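# Next input, structure requested:
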Amino acid sequence: MGVGVKLTEFSKSAGCAAKIGPGVLAEVVGRLPSAVDENLMVGVETADDAAVYRVSDEVALIQTVDFFPPMVDDPYTFGQIAAANALSDVYAMGGEPRLALNVVAFPNCLGAEVLGEILAGGASKVQEAGAVLAGGHSINDEEPKYGLCVSGFVHPDRIWKNGGAQAGDVLLLTKPLGVGLINTAVKAGMASAEAEKRAVESMSCLNKIAMEVLREAEVHSCTDVTGFGLTGHALETARASKASLVIETKKLEVLPDALFYASMGLVPEGTYRNKEFNKKDVRIEEQVDEALEDLVFDPQTSGGLLVSLPGRDAETVLRKLEQAGYPLKAGIIGFVTDLQDKYLFIR
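A predicted model of the protein is given here:
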């Protein structure tokens, strides 16, 4: 569906790798005044995926916004991935998206046809989610960027937060890792066709089916893995839960060739920002080689849900995902312990 334009030539960073570093964000957000409203159920305190506001005893509003520059060349595919990424925050809170608004920054030189393809791709994912696309906002910019502001709903008693993980839980991840590494290889013109295809499939896949299956389980905590990488989002869960998480690298599902690209040094800039900010709270065992270390810090675009839940429920979830025709490989990747001297252990 492309229109002869290579969008990645206009972007300095790819997808969620363009995020401002977690250290800068923590410093700036920490200086903002605290929100005071008895109906605000989830704010910025634990760096959760979205804000949640109680509307009534039966309904809570989930609000989120997410946008970024292209990580693929095809405009329609870029729109799909950006929309799937924004919608994911609602799924990570256990909710259902209902209303979306486009957020667009676009250079006039690319023309209306390219913009139309991007918006059409985004609209296709909003429709797939069962939500309504009702306008948005656009500005002229030298670098194209696209995403959504999304509103969803959840019962106030059934909100999933990134805190709540309990010692004895297992950790389940619903998508394979490595899209940041592959996107970097694509931008360098060194990615295999298979790696690029599988990365696009992963990034454009909604977390809708995973959320629906997980609703039948005893979910203690949930977050989606995006720009701060597996380690960054696992650390947010650990801190919010006052527990320690253990990631077992041998159990990680990895996209084709991602580790090979890491070994070649095709590592996004966001990986180094993630390491700089988070490594002090992580213990990495000696047997974990550099490529695997890059993988767990790799910024993901439209990544999977990282969930803590009882082991018996996790096995049931994996079986039901397969039965539901879920197209990606999910897996149990670790477990939760009582708080130790580090929040996160990679082994």
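
# what residue of this structure is the furthest out?
Of all residues in the chain, residue 109 has its C-alpha farthest from the mean position, at 30.5 Å, by Cα atoms, centre = their mean.

# That one should be in a strand, yeah?
No - read with DSSP: H, G, I helix; E, B strand; the rest coil, residue 109 is helix and lies in no strand.

# check contacts around the residue nearest to the spatial centre of the chain.
The centroid of the chain falls nearest to residue 226 when counting by Cα atoms, centre = their mean (2.9 Å). By Cβ atoms under 8 Å, 6 or more residues apart in numbering, the residues touching residue 226 are 16, 19, 66, 85, 88, 233, 299, 300, 301, 302, 303. C-beta: built from backbone N, CA, C; applies to glycine.

# ok, the residues you listed vs residue 207, which is closest?
Within the contacts of residue 226, distances to residue 207 taken as Cβ to Cβ reach their minimum at residue 88, with 4.9 Å.

# isn't that closest one right next to residue 210, touching?
No - using Cβ atoms under 8 Å, residue 88 makes no contact with residue 210, being 9.6 Å away.

# related to what we said a few turns ago, from residue 189, how far off is the residue nearest to the centre of the chain?
Separation of residue 226 from residue 189 (Cβ to Cβ, to the nearest Å): 25 Å.

# pLDDT below threshold where in this structure?
By pLDDT under 70, the low-scoring segments of the chain are 1-4, 12-27, 29-30, 32, 35.

# quick one: residue 312 and residue 168, what's the gap?
For residue 312, the distance to residue 168 equals 11 Å [Cβ to Cβ].

# next one: residue 159
Taking Cβ to Cβ as the measure, residue 159 falls 22 Å from residue 168.

# what's the answer for residue 207, then?
Relative to residue 168, residue 207 is positioned 25 Å away (Cβ to Cβ).

# more crowded one of these two?
Ranked by neighbour count (other Cβ atoms under 10 Å), residue 207 and residue 168 place residue 207 first, with 26 against 13.

# The nearest residue to the more buried one once chain neighbours are set aside - how many residues pack around it?
Among residues not flanking residue 207 along the chain, residue 91 sits closest, at 4.1 Å (Cβ to Cβ, 6 or more residues apart in numbering). Counted with other Cβ under 10 Å, the neighbours of residue 91 add up to 29.

# What helix or strand is residue 91 located in?
helix 75-92 (DSSP states H and E).

# strands paired with whichever helix or strand comes after that helix, and their directions?
Next helix or strand after helix 75-92 toward the C-terminus (DSSP H and E): strand 96-106. Partner strands for strand 96-106, per DSSP bridges, with pairing direction: strand 132-140 (parallel), strand 145-154 (antiparallel).

# which residues are contacting the first one?
Looking back up the chat, that one is strand 132-140. Strand 132-140 is contacted from outside by 98-108, 122-123, 126-127, 148-149, using Cβ under 8 Å, 6+ apart.

# cutoff 6 Å now
With Cβ atoms under 6 Å, 6 or more residues apart in numbering as the test, strand 132-140 has contacts from 99, 100, 101, 102, 104, 105, 108, 123, 126.

# Drop anything exposed from those residues.
Neighbour-count burial (16 or more other Cβ atoms under 10 Å) is assigned, among these, to 99, 100, 101, 102, 104, 105, 123, 126.

# Summarise which helices and strands the helix or strand containing the last one is packed against.
Following DSSP H and E, one finds residue 126 within helix 111-128. Packed against helix 111-128 by the contact rule (3 or more Cβ pairs under 6 Å, 6 or more residues apart in numbering; DSSP states H and E) you find helix 75-92.

# Sort out which residues of the helix it packs on are buried, please.
Neighbour counts over helix 75-92 (16+ other Cβ under 10 Å) mark 75-92 as buried.

# For the buried ones among the contacts of strand 132-140, work out which two are farthest apart.
When the buried ones among the contacts of strand 132-140 are compared pair by pair using Cβ to Cβ, the maximum separation belongs to 99 and 105, at 21.2 Å.

# related to what we said a few turns ago, just the closest of the contacts of strand 132-140 to residue 264, please.
Closest to residue 264, out of all of the contacts of strand 132-140 and judged by Cβ to Cβ, is residue 105, at 31.6 Å.
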